[in-house]
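Quick check, what structure comes out for this input:
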Amino acid sequence: MTIASRDLLLVTGLSGAGKSTALKTLEDLGWEVVDNLPLSLLDRLLAAPPAEKGPGDHAQRGTQPLAVGIDARTRDFNPERIIARIKDLRAQHGHEVDILFLDCAGTELERRYSETRRRHPLAQDRPAGDGIARERELLAPLRRFANRLVDTTTLNANALAQSIRQTFSTLCDGPTLSVQSFGFSRGLPLNADLVFDMRFLRNPHWDPVLKPGTGLDPAVAAYVAADPAYEAAVSRIEDLLLLLIPRYRADGKSYVTIAFGCTGGRHRSVHVADRVARRLRDAGFSPTISHRDLAAAPQDVLEGSPVQS
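The predicted structure follows:
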């Protein structure tokens, strides 16, 4: 089988250390991403041409890089065989192959499993610590062989995504775009370049049916979008961003963070950030999106008066 040269990144590490976040961020950056691919199918995947993408994506330029997620749950998983295959790809086929290993302290992993109430994949009927120790021993050869190591012990999902963007965004044209939502009642985001205040829109928090939901829910989104000022305001914001981003690119700016705020950060800002990110993708950009306060509990005291704020 003839395998065309193609950049390849294997993303691996301890379960719970952030592999899903890393892969999602790479996908937002324009990588082709495949998770838990059996090693026996790797050659077939490398031989396939990159999928067609929209304007500005890597496939359009013929060199879309590939990220493959592997871990102890992957079929045919064998660290020694994986390392041998990587050496072969480098030597025989001219591939640029990197390994990104996501590590994390055992105590932090146990805390994460406790908070999410998930069972460790290698300790279904035993304490999570047993599975973590077993997996760490199993992955030790890959950790030693990896040329990129990220310790996520002190990183939340947003911080890890930012680290991945900073490391791998050199493959993208123009600035790395981040779109985020937040609640003004919980403080302004410190790294925002552009901040848009969505508190002029009517607030779903005061509707008893919509209050428990978020801006990602269709009913909440419809409620926000029904505000008379919504379409004109959001469309103009989108047009402004489409005007500014190429100027940032021309100026050599590496990162642009666009933040949308409402009072609590759960409804209006979330919906608008999600819509704007989709519009930017449709225009050929690859923004990542995060919702800083989405998981926060709704609180009347933070929202103030039910009168439009």
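
Helices along the stretch 201-309 of the chain, start to end?
For the stretch 201-309 of the chain, the helices defined by DSSP state H, counting those that start in this stretch occupy 218-225, 230-250, 268-282, 300-303.

Of all those helices, which one comes closest to Leu109?
Judged by CB to CB, the one of the helices of the stretch 201-309 of the chain that comes nearest to Leu109 is helix 268-282, at 28.6 Å. Any C-beta I mention is one placed from the backbone N, CA and C, and that applies to glycine too.

So what touches the closest one?
Residues outside helix 268-282 that contact it (CB atoms under 8 Å, 6 or more residues apart in numbering) are 54, 177, 179-183, 196, 198-199, 201, 203-204, 214-216, 220-221, 224-225, 234, 237-238, 241-242, 245, 258-262, 287, 289, 291, 294.

Can you add mean neighbour count and distance to His120 and give the helices of the stretch 201-309 of the chain back as a markdown table?
Output for the helices of the stretch 201-309 of the chain, formatted as a markdown table (neighbours: other CB atoms under 10 Å; distance: least, CB to CB, whole Å):
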| stretch | mean neighbour count | distance to His120 |
| --- | --- | --- |
| helix 218-225 | 17 | 34 |
| helix 230-250 | 14 | 42 |
| helix 268-282 | 23 | 31 |
| helix 300-303 | 14 | 36 |
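
Would you tell me which of the ones you listed gets closest to Val11?
Nearest of those to Val11, taken as CB to CB: helix 268-282 at 22.0 Å.

between that closest one and helix 218-225, how big is the angle?
For helix 268-282 against helix 218-225, the angle by axes from the mean of the first three to the mean of the last three CA atoms, to 10 degrees is 90 degrees.

tell me the mean pLDDT for helix 268-282?
Mean per-residue pLDDT for helix 268-282: 95.

ok so, going back, mind checking which of the helices of the stretch 201-309 of the chain is nearest Gly16?
The closest of the helices of the stretch 201-309 of the chain to Gly16 is helix 268-282. By CB to CB, the value is 25.4 Å.

which residues sit in contact with Ile245?
Ile245 makes contacts with 174-175, 177, 256, 280, 285, as judged by CB under 8 Å, 6+ apart.

An error on my part: the question was meant for Gly18.
By CB under 8 Å, 6+ apart, the residues touching Gly18 are 102, 104, 150, 152, 155, 157, 160.

Backbone torsions only: list them for it.
Note on Gly18: backbone dihedrals following degrees, to the nearest 10 are phi 120, psi 20.

buried ones in the helix or strand harbouring Leu177?
Using DSSP states H and E, Leu177 sits within strand 176-183. Neighbour counts over strand 176-183 (16 or more other CB atoms under 10 Å) mark 176-183 as buried.

That strand pairs with which strands?
Looking at strand 176-183 with DSSP bridges, its partner strands are strand 255-262 (parallel), strand 288-291 (parallel).

circling back to that earlier point, which ones among the contacts of Gly18 map onto helices?
157, 160 (DSSP state H).

Whichever of the contacts of Gly18 end up buried, select them in PyMOL.
Selection of buried members from these for PyMOL, criterion 16+ other CB under 10 Å:
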select buried, resi 102+104+150+152+155+160
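
quick one: which of the contacts of Gly18 is nearest Asp130?
Nearest to Asp130 among the contacts of Gly18, with distances taken as CB to CB, is Cys104, at 16.2 Å.

Quick check: nearest residue in space to the closest one, chain neighbours excluded?
Leaving aside its sequence neighbours, Cys104 sits nearest to Ala17 (CB to CB, 6 or more residues apart in numbering; 4.1 Å).

does the one you found belong to a helix or a strand, and which?
Per DSSP H and E, there is no helix or strand for Ala17.

Ok, the one 4 residues further on next?
Under DSSP H and E, the secondary-structure element containing Thr21 is helix 19-28.

Any regions of the chain where pLDDT drops low?
Within the chain, the stretches with pLDDT under 70 are 1-6, 43, 46-63, 93-95, 169-174, 252, 300-309.

Would you map out the domains in it?
By the assignment in automatic domain parsing, the chain contains the domains 8-171, 176-303.

secondary structure element for Ile99?
Per DSSP H and E: strand 97-103 holds Ile99.

That strand pairs with which strands?
strand 8-13 (parallel), strand 148-151 (parallel).
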